[in-house]
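Enquirer: starting from these lines, generate the structure:
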Amino acid sequence: GNLGIGTSNPGYKLDVNGTGRFSGDVTITDDLTVNGSILGGLTATGSSEFLSGSDTSITIGASATSDHSLVMNWDDTNQAFSAYCYGDSASEGLSITSTEFFGIGTNDPKSKLHLKNENATTHTDVNANGLIIENTSTGIASQISFKAANTSGISTPDDDTIAKIGALSVSTSSSHYGEIIFSTRNGTDMYERVRIDQNGLVGINTDDPQVTLDVNADSIRVRTSQSPASSGTGIAGEIAWDSEFLYICTAANTWRKVAHSSY
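Expert: Residues are numbered from 1 along each chain as shown. Presented below is the predicted three-dimensional model:
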């Protein structure tokens, strides 16, 4: 009951040894096995569609060798998925491993999210590069939020965070001035703790630093004491202390001291 075209020994109900063409739709109600390439389009409908095999590849685009095509691969040995543009390699696209690590620009991610960029631009280049987080709402910072379980093993609720790092644009014109904000949670509320403004001034507990380091508190602490010699190693501006003196380095390797007493 098998019909053969181009073959005298058909092994299937319809066995074609050669090429074929259909100008209309072809409906397949069971599995479709493809040992070569599918050119053009393939539409699958139903509750489940599978491409099976130890190493399966799908190319989506104008052709299987077009630079504008997307290649998707399944690596059965390593239980990993990858996708990349034709002409690149799997290491230049995105990948998902069996350990649920997600890589962009690498097919060997080492964490839940691993971004690899070989762009040679520096951190002082204003051009977009690396990971970009954007917020287009006026006056609202783009933020990275952190969640974690506390020392009792209790995680923060789904919509709560324990700390944030934000970047804020403070300009009112076509020019852009950026500030970095570090915030931490104290109980139920989030508070700004440190800000680096557009001029490089650092504020602790203030959002408006006026000098290079502006601390809004009634004390600061240098934890470790030292007793530098008058010509000891030092850089102008260093401050040190011990149980008898306060020391100030006034020039390279030049120290002055003043005695202090109880009161």
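Enquirer: now Val194: which helix or strand?
Expert: Element membership of Val194 [criterion: DSSP states H and E] is strand 189-196.
Enquirer: check which residues of the next helix or strand after that strand are buried.
Expert: Toward the C-terminus, strand 189-196 is succeeded by strand 202-204 as the next helix or strand (DSSP H and E). For strand 202-204, a neighbour-count test (16 or more other CB atoms under 10 Å) marks Val202, Gly203 as buried. (C-beta placed from N, C-alpha, C; glycine too.)
Enquirer: mind listing residues that contact strand 202-204?
Expert: For strand 202-204, contacts defined as CB atoms under 8 Å, 6 or more residues apart in numbering pick out Arg193, Val194, Arg195, Ile196, Asp197, Pro209, Thr212, Leu213, Asp214, Val215, Asn216, Ala217.
Enquirer: format those as CSV; extra columns: neighbour count.
Expert: Below are the contacts of strand 202-204 laid out as CSV (neighbours: other CB atoms under 10 Å):
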residue, neighbour count
Arg193, 15
Val194, 17
Arg195, 22
Ile196, 16
Asp197, 20
Pro209, 21
Thr212, 9
Leu213, 10
Asp214, 16
Val215, 14
Asn216, 11
Ala217, 9
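Enquirer: quick one: distance of the strand holding Val194 to the chain centre.
Expert: The chain centroid and the centroid of strand 189-196 are separated by 23 Å under CA atoms, centre = their mean, to the nearest Å.
Enquirer: when you give positions from now on, start the count at 19
Expert: Okay, residue one is now 19; in that scheme the one you just asked about reads as strand 207-214.
Enquirer: export that strand as CSV, just CAs?
Expert: As requested, the backbone C-alpha atoms of strand 207-214 are provided in CSV (Å, rounded to 0.1, in the frame of the first residue of the first chain):
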residue,chain,number,x,y,z
ASP,A,207,11.4,52.8,55.1
MET,A,208,14.1,53.3,52.5
TYR,A,209,16.6,56.1,53.2
GLU,A,210,19.3,57.7,51.0
ARG,A,211,22.7,57.2,52.6
VAL,A,212,25.3,58.2,50.1
ARG,A,213,25.2,60.5,47.1
ILE,A,214,27.9,61.2,44.5
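Enquirer: what's next to it, contact-wise?
Expert: Under the contact criterion CB under 8 Å, 6+ apart, strand 207-214 has outside partners 179, 182, 197-203, 220-225, 227.
Enquirer: the bottom helix or strand of this protein by mean pLDDT?
Expert: Of all the helices and strands that make up the chain, strand 73-78 has the lowest average by mean pLDDT, DSSP states H and E, namely a mean of 68.
Enquirer: moving C-terminal of it, what's the next helix or strand?
Expert: For strand 73-78, the following helix or strand on the C-terminal side (DSSP H and E) is strand 88-93.
Enquirer: would you mark the buried spots in that next one?
Expert: When burial is assessed from 16+ other CB under 10 Å, strand 88-93 yields the following buried residues: Val89, Met90, Asn91, Trp92, Asp93.
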